[in-house]
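Asker: heads up, no residue letters with this:
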């Protein structure tokens with residue numbers, strides 16, 4: 001073979017020069033993916049755009065994450081990671097204060113600007129696209145709701161956990177995404193004080209249908 005000809009590149013993993021270093025390139029891809037989904041939405045976001053934002057070849061994005069659905073799943077899991085610690089909060093104090101702890105923990109994540117922007121990207125994408133909604137639903141169902149339900153010693157634990165999640169996610173949607181007032185401007189402590197008793201009843205309260213007839 002002539003010395004002036006380079007050996008043909010094998011298919012599969014991108015060349016090391018294209019990779020840009022590990023794990024830095026992978027982290028850059030996830031950060032670029034979050035920005036791409038936040039700015040363009042799920043439908044308009046593209047592997048090419050994510051690669052451009054990360055300064056890597058699109059082949060590297062496919063190598064690490066596969067399809068756009070899989071990139072989105074990895075990006076939102078990283079962004080949603082703080083919220084996935086919520087089940088641990090249930091065991092971090094008295095049983096009768098679980099509602100307050102969960103509400104305070106959840107709203108505290110949204111009040112933190114560092115966490116809020118990635119979460120906004122997730123919610124906006126999930127609301128506007130069924131594929132994105134399915135990815136988000138699977139993450140919340142398996143990594144959050146199922147773990148919370150496993151710690152509830154009450155009937156219908158899964159339903160109760162989902163209802164509590166619905167209440168807190170609904171508050172986040174109105175307060176931080178839609179910015180409905182006065183909720184958007186209310187003091188977080190006031191919101192927690194009002195919502196915590198309802199979350200507590202959902203998690204630990206008796207089933208009203210089991211109450212004896214008057």
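Answerer: Yep, it's here. The shown structure was predicted, so the numbers you read here are calculated from the model rather than taken from an experiment. Numbers count the residues shown, from 1 in each chain.
Asker: what about the helices in the chain?
Answerer: 16-19, 24-44, 47-54, 58-65, 68-80, 86-90, 98-111, 113-128, 130-140, 146-150, 157-172, 188-204 (DSSP state H).
Asker: Mean neighbour count for the ones you listed - can I get that in JSON lines?
Answerer: (Glycine included, C-beta is placed from N, CA and C.) What follows is the helices of the chain, written out as JSON lines (neighbours: other C-beta atoms under 10 Å):
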{"stretch": "helix 16-19", "mean neighbour count": "12"}
{"stretch": "helix 24-44", "mean neighbour count": "19"}
{"stretch": "helix 47-54", "mean neighbour count": "19"}
{"stretch": "helix 58-65", "mean neighbour count": "20"}
{"stretch": "helix 68-80", "mean neighbour count": "20"}
{"stretch": "helix 86-90", "mean neighbour count": "18"}
{"stretch": "helix 98-111", "mean neighbour count": "20"}
{"stretch": "helix 113-128", "mean neighbour count": "17"}
{"stretch": "helix 130-140", "mean neighbour count": "17"}
{"stretch": "helix 146-150", "mean neighbour count": "17"}
{"stretch": "helix 157-172", "mean neighbour count": "18"}
{"stretch": "helix 188-204", "mean neighbour count": "17"}
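Asker: Break this protein into its domains for me.
Answerer: Per automatic domain parsing, the structural domains of the chain span 18-67, 80-205.
Asker: Nearest to residue 73, out of those domains?
Answerer: Closest approach to residue 73 among the domains of the chain is made by domain 80-205 (4.8 Å; C-beta to C-beta).
Asker: mean confidence for the closest one?
Answerer: For domain 80-205, mean pLDDT is 83.
Asker: ditto for stretch 31-49
Answerer: Computed over stretch 31-49, the average pLDDT equals 84.
Asker: how distant is that stretch from the center of its chain?
Answerer: Put simply, stretch 31-49 sits 15 Å off its chain's centre (C-alpha atoms, centre = their mean, to the nearest Å).
Asker: contacting residues for the residue nearest to residue 196 when sequence neighbours are not counted?
Answerer: Spatially, and ignoring its direct neighbours in sequence, residue 196 is nearest to residue 100 (4.0 Å; C-beta to C-beta, 6 or more residues apart in numbering). Residue 100 sits next to 192, 196, 199, 200 when contact means C-beta atoms under 8 Å, 6 or more residues apart in numbering.
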